[in-house]
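**Q** sequence plus predicted model, see below.
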Amino acid sequence: MIHFLMIVSSAGKPRISRFFSHQTEQIKTQTAVINLCQRDGKKEGFVSYKDMTVVYKLYSSLYFLAGVSQDENELAVFELFQNLVETLNTYFGKVTEVDILFNMDRVYMIIDEMIIDGHIAETCSSRTLVPILLMDAAK
């Protein structure tokens, strides 16, 4: 199960944060996880945090982080990151931190289409983008 998904700038500022399970201290969890991943000094990897594994990967200037339970496949989470980045690139062109800052609602919608209740539900970019493209067409 995926407990949380975050998109963080390379400077360590959280840009998107979605929790799929109850965390009593979300801000503290966010700060601790970001510090752990930055201290590691790698562009991708796994870090243990409390009772979960944090999977992270750097794409250009954005870190994608996910806290998963011990029974979740970490490589599947890497594939989820790749699908998420490809979907964001399809929608925004080449996704940047500015795109995420000014279109948070769209990014949250894409994440919510891909992950439902902490489980990967959809990995096809074209199917993920259908609701957003329909909204954009209605404007």
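**A** Thanks, I have the structure now.

**Q** only C-alpha atoms for contact and neighbour calcs from this point on.
**A** OK.

**Q** how many neighbours does residue 75 have?
**A** Residue 75: 10 surrounding residues under other C-alpha atoms under 10 Å.

**Q** that one sits in which helix or strand?
**A** According to DSSP states H and E, residue 75 maps onto helix 74-92.

**Q** list the buried residues of the helix or strand just after that helix.
**A** Scanning forward in sequence from helix 74-92 by DSSP H and E, the next helix or strand is helix 97-102. Buried residues in helix 97-102, counted by 16 or more other C-alpha atoms under 10 Å: 97, 100.

**Q** need the CA coordinates for helix 97-102. CSV is fine.
**A** C-alpha atoms of helix 97-102 as CSV (Å, rounded to 0.1, in the frame of the first residue of the first chain):
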residue,chain,number,x,y,z
GLU,A,97,8.2,23.1,-11.0
VAL,A,98,6.4,26.2,-12.2
ASP,A,99,3.8,24.1,-14.0
ILE,A,100,3.2,22.2,-10.7
LEU,A,101,2.9,25.3,-8.6
PHE,A,102,0.4,27.0,-10.9
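
**Q** how distant is that helix from the center of its chain?
**A** Relative to its parent chain, helix 97-102 has a centroid offset of 14 Å by C-alpha atoms, centre = their mean, to the nearest Å.

**Q** now do stretch 112-132
**A** With C-alpha atoms, centre = their mean, you get 12 Å for stretch 112-132.

**Q** what sits closest to residue 63 if chain neighbours are left out?
**A** Leaving aside its sequence neighbours, residue 63 sits nearest to residue 8 (C-alpha to C-alpha, 6 or more residues apart in numbering; 5.0 Å).

**Q** ok, that neighbour touching residue 66?
**A** No: counting by C-alpha atoms under 8 Å, residue 8 stays clear of residue 66, with 11.0 Å between them.

**Q** hang on, residue 66 in a strand?
**A** Yes: under DSSP: H, G, I helix; E, B strand; the rest coil, residue 66 falls within a strand.

**Q** hey, what's it bridged with?
**A** residue 5, residue 55 (DSSP bridges).
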